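Q: Turn this into a model:
(one chain, ligands or ions: 2)
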Amino acid sequence: MKRLIVGIGGMTNGGKTTLSKSLHQRIPNSCLIAQDSYFKDESIVPVDQNGFKQFDTLDALHMDKMMSEVNSWRRDPVSIQKEKTGLDLNLSSANTGVFVLIVEGFLIFNYRPLNDLFDKKYFLEIPYDVCKKRRSFRVYTPPDPPGYFDGYVWPMYLKNRQDMEALTSEIVFLDGLKPKEELLATVFEEVSKEITRLKAAYM
Ligand SMILES: Nc1ncnc2c1ncn2[C@@H]1O[C@H](COP(=O)(O)OP(=O)(O)O)[C@@H](O)[C@H]1O
Ligand SMILES: NC(=O)c1ccc[n+]([C@@H]2O[C@H](COP(=O)(O)O)[C@@H](O)[C@H]2O)c1
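A: Ligands and ions are numbered 1, 2, ... in the order given. Reported below is the predicted structural model:
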């Protein structure tokens, strides 16, 4: 049984969730893990000197829990898939198939233990003004307070991006302004090629 782990990183509102969900729908035997399911409760997230809750850092996330989910999939993708979809796989397709894990999130390449696992890494980027605009339509829990984007989110993006570039390489940057369908087609085609290559390695 072969495994492939694909990372869909990117800026806040770059289009990670949109792309990852479509990719997951298109790829048989795929699972999806989203980093924003692992935010700590806001009551334990500290505030910075400006009174802004520090959500845009690895400390705000239960990365240990996220890693344990990723590692469960790596140990036994068939069981995890069965758990998530309720569908059983016959043994021969389980043995010959390629299982794909899609991991999406804004800090997935900043966390070394996770970053080390990716076979393919994508990073969706959009310009400042588009990012600010898309974010203004999103309602997080808790919602962004006034001034949060310019006072906290954007400076943290710049810092996190610098850290990411110091830590990792071989990232494919994607222009998040492109139509959703085009982004999906690009990534789907590359991942499909990789799946075909892995399958051929069996013959
Ligand atoms: N390629 C795209 N072009 C235009 N808008 C997009 C695109 N991808 C996503 N969006 C929109 O941007 C917003 C944020 O998308 P989302 O996938 O939730 O981003 P992220 O998961 O990176 O925060 C949503 O309103 C979504 O519909
Ligand atoms: N899901 C949550 O519990 C929560 C709470 C507060 C802020 N956020 C924001 O989520 C962002 C990351 O997620 P997106 O990449 O989907 O925008 C961060 O910029 C963070 O400020 C999320």
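
Q: Determine whether any part of the helix or strand hosting D64 lies close to ligand 2.
A: Using DSSP states H and E, D64 maps to helix 63-75. No: using CB under 6 Å from any ligand atom, helix 63-75 stays clear of ligand 2, coming no nearer than 13.0 Å. (C-beta placed from N, C-alpha, C; glycine too.)

Q: chain center to that helix, what's the gap?
A: In this view, helix 63-75 has its centroid 14 Å away from the chain centroid, taken as CA atoms, centre = their mean, to the nearest Å.

Q: Which strands or helices does the helix or strand just after it pack on?
A: Next in sequence after helix 63-75, counting helices and strands by DSSP H and E, comes helix 77-85. Packing contacts for helix 77-85, counted by 3 or more CB pairs under 8 Å, 6 or more residues apart in numbering; DSSP states H and E, involve strand 30-34, strand 98-104.

Q: swap the cut-off to 7 Å and go again
A: With contacts taken as 3 or more CB pairs under 7 Å, 6 or more residues apart in numbering; DSSP states H and E, helix 77-85 sits against strand 30-34.

Q: Run through who's touching the strand it packs on.
A: Outside strand 30-34, the residues that touch it by CB atoms under 7 Å, 6 or more residues apart in numbering are 17, 20, 24, 66, 69-70, 73, 77, 80-81, 84, 100-105.

Q: Restricted to buried residues, select the residues you listed in ChimeraX.
A: To isolate the buried members of the contacts of strand 30-34 in ChimeraX, using 16 or more other CB atoms under 10 Å:
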select :17,20,24,66,69,70,73,77,80,81,100,101,102,103,104,105
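
Q: Of the contacts of strand 30-34, which ones also sit close to ligand 1?
A: T17.

Q: Report pLDDT for the most centrally placed residue in the chain.
A: Nearest to the mean C-alpha position of the chain, by CA atoms, centre = their mean, lies E104 at 1.1 Å. For E104, the model assigns a pLDDT of 98.

Q: Any figure for the gap between it and D150?
A: In this view, E104 and D150 are 25 Å apart by CB to CB, to the nearest Å.

Q: Make sure H24 is actually in contact with I102.
A: Yes: at 5.6 Å, H24 counts as touching I102 under the criterion of CB atoms under 7 Å.
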